[in-house]
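A.B. asks: need a 3D model of the following:
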Amino acid sequence: QVFASPERISFVSAPINGRVANIYAHEGEYVSKGDPLLDLESLEFANLVADYLEATAEIIYQQQQVDRLEVLTKEKISPERTLQRAQADLNMAKANRNASHARLHAVGISDHTIEQWDPQTSEPESRLTLYAPITGVVNEHFIDLGQSVNAYEEMLNIIDNKEVLVKGFVSASDAPFLQPGDSVLISGRTSDDSATGSRLQTVVTSVNPALDQATKSIVLNSIVETNNNWPIVGQNVRMTYTAQAGEGTISIPMSAIQFDGSQAAVFVQHSSTEYEKRPIYINRAT
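C.D. replies: Below you'll find the predicted structure:
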């Protein structure tokens, strides 16, 4: 089974409650990392911006107070404790701004955008623009224009099909013969389970340590660069693994084995005209 590679798929969720005000990227459209995807209109976001602007203005005021009191204290006009109280108020204002800054970061606002806001001239924003976290194609939309969404609700996903994760399923008894780095041939499948023309040669990237509960099989993972967008996410493919015999095992190709009734044998060549028939006992055919 073909899945999106873990680093090549992104689920875009609403970072805050709001309403879909604009949609810039639609299903099937290619987007680059950083392209605008949609706008959310949100009173909660407006409040976050207002809190940050208020905290920044408070810092400016408290800094002025500290500067003035430092002069008065130095001239013995104002007591030291008044300056200390002003410094504490300044530190509290900075802590409030840092908390507001962190909340804005959590909803996806960059430092560059925050730095452009002026507490004296900027108005609180109510529209939050969400940007593409990766380069790829918009695969699915779960929202419509004007729809209300809740925080953490999935709105769309983006897939970059240049690389996929292909999972193969083998029986537990075959697992000891397969390990990361083993060769894999991926091919297409038809309705009768025969292979089609599309093929990719790759290797096993990793092996899951436990049985897949749905298939009762061992899962072998291969991260694959696609060829002309093949294989496609969601597709079923055939995977042929080259198994490695364990240490001390004599491995014989099935094509070299002959059967005399139920007795298996191989013919060992001594010269161009002389062969020796040797009976063998097959422990496992794989």
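
A.B. asks: for stretch 198-211, what does the pLDDT average out to?
C.D. replies: Taken as a whole, stretch 198-211 has an average pLDDT of 93.

A.B. asks: now do the buried residues in it.
C.D. replies: With burial defined by 16 or more other CB atoms under 10 Å, the residues of stretch 198-211 counted as buried are 200, 204, 207. Just so you know, the C-beta spots here come from the backbone N, C-alpha and C atoms, and that holds for glycine as well.

A.B. asks: next, the distance between the ends of that stretch.
C.D. replies: Distance across stretch 198-211, first residue to last, is 29 Å (CA to CA, to the nearest Å).

A.B. asks: shaky segments in the stretch 101-250 of the chain?
C.D. replies: 190-196 (pLDDT under 70).

A.B. asks: need the contact list for residue 27.
C.D. replies: Contact partners of residue 27, counting by CB atoms under 8 Å, 6 or more residues apart in numbering, are 138-141.

A.B. asks: tabulate the residues you listed (TSV), appending secondary structure and neighbour count.
C.D. replies: Below are the contacts of residue 27 laid out as TSV (DSSP: H, G, I helix; E, B strand; the rest coil; neighbours: other CB atoms under 10 Å):
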residue	secondary structure	neighbour count
138	strand	21
139	strand	18
140	strand	12
141	strand	17
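
A.B. asks: determine which two of those residues are furthest apart.
C.D. replies: Farthest pair in the contacts of residue 27 (CB to CB) is 139 and 141. Separation: 8.8 Å.

A.B. asks: overlap in contacts of those two?
C.D. replies: Counting by CB under 8 Å, 6+ apart, the shared contacts of residue 139 and residue 141 are 27, 156.

A.B. asks: residue 160 touches residue 135, doesn't it?
C.D. replies: Yes - Residue 160 is within contact range of residue 135, at 6.0 Å (criterion: CB atoms under 8 Å).

A.B. asks: comparing these two, which shows the higher neighbour count?
C.D. replies: Shown here are residue 160 and residue 135; by other CB atoms under 10 Å, residue 160 has more neighbours (20 against 16).

A.B. asks: the spatially closest residue to residue 38 that is not a sequence neighbour: how many residues sit nearby?
C.D. replies: Spatially, and ignoring its direct neighbours in sequence, residue 38 is nearest to residue 23 (4.9 Å; CB to CB, 6 or more residues apart in numbering). Using other CB under 10 Å, residue 23 is surrounded by 19 other residues.

A.B. asks: so who does residue 23 touch?
C.D. replies: With CB under 8 Å, 6+ apart, residue 23 has these contacts: 37-38, 141, 143, 145.

A.B. asks: sort out for me which of the residues you listed are in strands.
C.D. replies: Members of the contacts of residue 23 lying in strands (criterion: DSSP state E): 37-38, 141.

A.B. asks: wasn't residue 232 part of a helix?
C.D. replies: No - when DSSP: H, G, I helix; E, B strand; the rest coil is applied, residue 232 is found to be coil, with no helix at that position.

A.B. asks: per-residue confidence for the residue lying closest to it once chain neighbours are set aside?
C.D. replies: Distance criterion CB to CB, 6+ apart; nearest residue to residue 232, sequence neighbours excluded, is residue 2 at 6.4 Å. Per-residue confidence (pLDDT) for residue 2: 96.

A.B. asks: beta-bridge partners for residue 2, please?
C.D. replies: residue 166 (DSSP bridges).

A.B. asks: burial of it, as a residue count?
C.D. replies: Around residue 2 there are 20 other residues, counting by other CB under 10 Å.

A.B. asks: quick one, what contacts it?
C.D. replies: Neighbour list for residue 2: 164-167, 231-237 [criterion: CB under 8 Å, 6+ apart].

A.B. asks: which of the residues you listed are buried? Put it as a PyMOL command.
C.D. replies: Buried residues within the contacts of residue 2, by 16+ other CB under 10 Å, are selected in PyMOL with:
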select buried, resi 164+165+166+167+231+233+237
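
A.B. asks: I'd like to know which elements the helix ranked longest in the chain is packed against.
C.D. replies: If you go by DSSP state H, the chain has its longest helix at helix 43-74. Other elements packing on helix 43-74 under the criterion 3 or more CB pairs under 8 Å, 6 or more residues apart in numbering; DSSP states H and E are helix 80-106.
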